[in-house]
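Student: sequence first, then the predicted structure, then my questions.
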Amino acid sequence: QLNCYRLSYWLICTVCFLFVVLFVASYGLTDEQKEFQKVAFDFAANEMSPHMAEWDQKEIFPVETMRKAAQLGFGGIYVQPDVGGSGLSRLDTSIIFEALSTGCTSTTAYMSIHNMCVWMIDTFGNKEQREKFCPDLCSMEKFASYCLTEPGSGSDAASLLTSAQRKGDNYILNGSKAFISGGGDTDVYVVMCRTGSKGPKGISCLVVEKGTPGLSFGKKENKVGWNSQPTRAVIFEDCVVPVANRLGEEGQGFNIAMKGLNGGRINIASCSLGAAHASVQLARDHLLVRKQFGDTLSNNQFLQFKLAEMATKLVASRLLVREAATALQENRPSAVSLCSMAKLFATDECFDICNQALQMHGGYGYLKDYAVQQYVRDIRVHQILEGTNEVMRMIISRNLLTEP
Ligand SMILES: Cc1cc2nc3c(=O)[nH]c(=O)nc-3n(C[C@H](O)[C@H](O)[C@H](O)COP(=O)(O)OP(=O)(O)OC[C@H]3O[C@@H](n4cnc5c(N)ncnc54)[C@H](O)[C@@H]3O)c2cc1C
């Protein structure tokens, strides 16, 4: 009778928990948003999740799966429809990336970088550039990489040294980029390079196509996570790029790079939400079946409280990410700070959630047979890239201190 009571108690708890975690994920969304959220969750469950461990272990860049995702409109989510994009909002994009990331965080994170690059070309490119590059990128026939970081310039991105010297109708590029996601396997490189004096105003943005003479790649980096996408150095040695491939005017490149990153930060934070979302569910499932001290772990109040804290942090992170996405969409003055806050808060909190979920698995959590460790490994880097979380604090405090 006691067991029967416990079973029904936990059935009720499970239903309530699913209600809280899943319902809140779609709470307040329009019917249309709920619809494509479901499409993304289904794609994650059917096309990504069954392969995520293999992609990680064999370091497979799942090109065909991403092309399938692009058929659903996920290759250019916030790109305008006239060049093949889906024309959705930043909030819609966040909802989609959160859902996809439950199926494979690393692959979704690459897709988020790809989307950011296509948006940069769509927004800052002229008619010819948009028509030349965007359709193939939206369909993911071609893939894109974002090239800002260099061996000597990371957090201080405006100090970059890759030079682009104008010679007639071309630029001659020399220098190298470090840590480029997709590098070597992608077709289109959105490169920030120096055409003028020191500092941000001397930077321009060029689109460099794979196969351009003088463009080469370093060895594939051996990483802790994000193994379903390659990371390589991108090297330019007298690489000749047409002036026609410059996005915007000379000197606008840093501004273009930062505008791309505002959305990128929401996207990467959304990928962290998805990993945390999946990890909370895995932890709950484990607690419900694992027995110690003669009882399931789910009956331990310490672990119950921990689980409650994890779900609370997840929902708080999601609210902030969605608020930032809406602020960016509406071009509010607070948007840059909110994007930084969302990236800082969500990537830190979601890493803690995934790590706590691993802890709840005990020794099993440390085995690669259990998915939770992959979420932990995959989202650790979200605290580092697209501006480290220390840089996010710099942006937030600088804006606070300089506001009138
Ligand atoms: C897997 C992976 C993929 C990546 N993908 C891309 C990509 O696609 N494109 C791209 O351009 N870049 C990419 N990056 C690079 C990433 O954006 C940089 O690693 C990041 O910006 C930090 O630069 P850094 O590594 O040079 O660290 P550094 O700038 O050397 O910083 C080292 C530490 O010091 C801290 N720090 C630095 N300055 C300050 C300060 N003033 N105050 C307080 N703390 C400070 C930093 O926060 C950090 O913790 C990727 C990196 C990784 C690991």
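Tutor: Yep, that arrived. Note that this is a predicted model, so its numbers are computed, not measured.
Student: give me the pLDDT for the closest residue to the ligand within the stretch 51-200 of the chain.
Tutor: As assessed by Cβ to the nearest ligand atom, the ligand sits closest to residue 154 within the stretch 51-200 of the chain, at 1.8 Å. To be clear about C-beta, it is placed using only N, CA and C from the backbone, and glycine gets the same treatment. Residue 154 is assigned 98 on the pLDDT scale.
Student: next one: residue 14
Tutor: pLDDT recorded at residue 14 is 60.
Student: now residue 8
Tutor: Note for residue 8: predicted pLDDT of 59.
Student: ditto for residue 26
Tutor: At residue 26, the pLDDT value in this model is 85.
Student: so how far is residue 72 from it?
Tutor: Note on residue 26: its distance to residue 72, by Cβ to Cβ, to the nearest Å, is 18 Å.
Student: can you show me the helices along the stretch 301-404 of the chain?
Tutor: Under the criterion DSSP state H, counting those that start in this stretch, the stretch 301-404 of the chain contains helices at 301-329, 335-360, 372-380, 389-402.
Student: closest to residue 230 out of these?
Tutor: helix 372-380 (14.6 Å; Cβ to Cβ).
Student: could you check the angle helix 335-360 makes with that closest one?
Tutor: Helix 372-380 and helix 335-360 meet at an angle of 160 degrees, taking axes from the mean of the first three to the mean of the last three Cα atoms, to 10 degrees as the criterion.
Student: the chain should start at 31 in everything you say after this.
Tutor: In the new count, where the first residue is 31, that last one comes out as helix 402-410.
Student: what helices and strands are in contact with helix 402-410?
Tutor: Applying 3 or more Cβ pairs under 8 Å, 6 or more residues apart in numbering; DSSP states H and E, one finds that helix 402-410 makes contact with helix 82-87, helix 135-154, helix 283-319, helix 365-390.
Student: the second one vs helix 283-319, what angle?
Tutor: Angular relation of helix 135-154 and helix 283-319 on a 0 to 180 degree scale: 150 degrees, by the same axes, to 10 degrees.
Student: buried residues in helix 135-154?
Tutor: Residues of helix 135-154 classed as buried: 135-154 (neighbour count, 16 or more other Cβ atoms under 10 Å).
Student: what helices and strands are in contact with the helix or strand following that helix?
Tutor: Where DSSP states H and E defines the elements, the next helix or strand beyond helix 135-154 is helix 157-168. With contacts taken as 3+ Cβ pairs under 8 Å, 6+ apart, helix 157-168 sits against helix 135-154.
Student: distance between the helix it packs on and the chain's centre?
Tutor: 8 Å (Cα atoms, centre = their mean, to the nearest Å).
Student: only alpha carbons, please: show it as PDB.
Tutor: Coordinates of each C-alpha in helix 135-154 appear next as PDB, following Å, rounded to 0.1, in the frame of the first residue of the first chain:
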ATOM      1  CA  THR A 135      23.700  21.500 -28.200                       C
ATOM      2  CA  SER A 136      26.900  21.500 -30.200                       C
ATOM      3  CA  THR A 137      25.200  21.200 -33.600                       C
ATOM      4  CA  THR A 138      22.600  23.800 -32.700                       C
ATOM      5  CA  ALA A 139      25.300  26.200 -31.500                       C
ATOM      6  CA  TYR A 140      27.000  25.900 -34.800                       C
ATOM      7  CA  MET A 141      23.700  26.500 -36.600                       C
ATOM      8  CA  SER A 142      23.300  29.600 -34.400                       C
ATOM      9  CA  ILE A 143      26.700  31.000 -35.600                       C
ATOM     10  CA  HIS A 144      25.700  30.200 -39.200                       C
ATOM     11  CA  ASN A 145      22.400  32.100 -38.800                       C
ATOM     12  CA  MET A 146      24.300  35.000 -37.300                       C
ATOM     13  CA  CYS A 147      26.600  35.200 -40.400                       C
ATOM     14  CA  VAL A 148      23.700  35.000 -42.800                       C
ATOM     15  CA  TRP A 149      21.900  37.800 -40.900                       C
ATOM     16  CA  MET A 150      25.100  39.900 -41.200                       C
ATOM     17  CA  ILE A 151      25.200  39.500 -45.000                       C
ATOM     18  CA  ASP A 152      21.400  40.000 -45.300                       C
ATOM     19  CA  THR A 153      21.500  43.200 -43.200                       C
ATOM     20  CA  PHE A 154      24.700  44.900 -44.200                       C
END
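Student: and the average pLDDT for it is what?
Tutor: Mean predicted confidence for helix 135-154 is 98.
Student: would you mind getting the angle between it and helix 157-168?
Tutor: Using the same axes, to 10 degrees: helix 135-154 against helix 157-168 is 160 degrees.
Student: the stretch 281-430 of the chain against the ligand: which residues are in contact?
Tutor: Selection of the stretch 281-430 of the chain residues close to the ligand by Cβ under 6 Å from any ligand atom yields 411, 414, 415, 418, 420, 421.
Student: closest to the centroid, which residue in this protein?
Tutor: Geometric centre of the chain, nearest residue: residue 298, 2.9 Å, by Cα atoms, centre = their mean.
Student: contact partners for that one?
Tutor: Applying Cβ atoms under 8 Å, 6 or more residues apart in numbering, we find residue 298 in contact with 139, 142, 373, 377, 412, 415, 416.
Student: where's the third one relative to residue 425, distance?
Tutor: Counting by Cβ to Cβ, the gap from residue 373 to residue 425 is 9 Å.
Student: find residues that contact each of these two.
Tutor: Counting by Cβ under 8 Å, 6+ apart, the contacts common to residue 373 and residue 425 are residue 417.
Student: who has more neighbours out of those two?
Tutor: Counted by other Cβ atoms under 10 Å, residue 373 and residue 425 do not tie: residue 373 has more neighbours, with 33 against 19.
Student: show me where the stretch 131-280 of the chain has strands.
Tutor: 174-177, 193-197, 200-211, 218-224, 233-239, 245-247, 261-272, 276-277 (DSSP state E, counting those that start in this stretch).
Student: relative to residue 167, which of the helices and strands packed on helix 402-410 is closest?
Tutor: Taking Cβ to Cβ, helix 135-154 is the member of those nearest to residue 167, at 4.5 Å.
Student: for residue 169, which non-adjacent residue is closest in space?
Tutor: Among residues not flanking residue 169 along the chain, residue 100 sits closest, at 5.2 Å (Cβ to Cβ, 6 or more residues apart in numbering).
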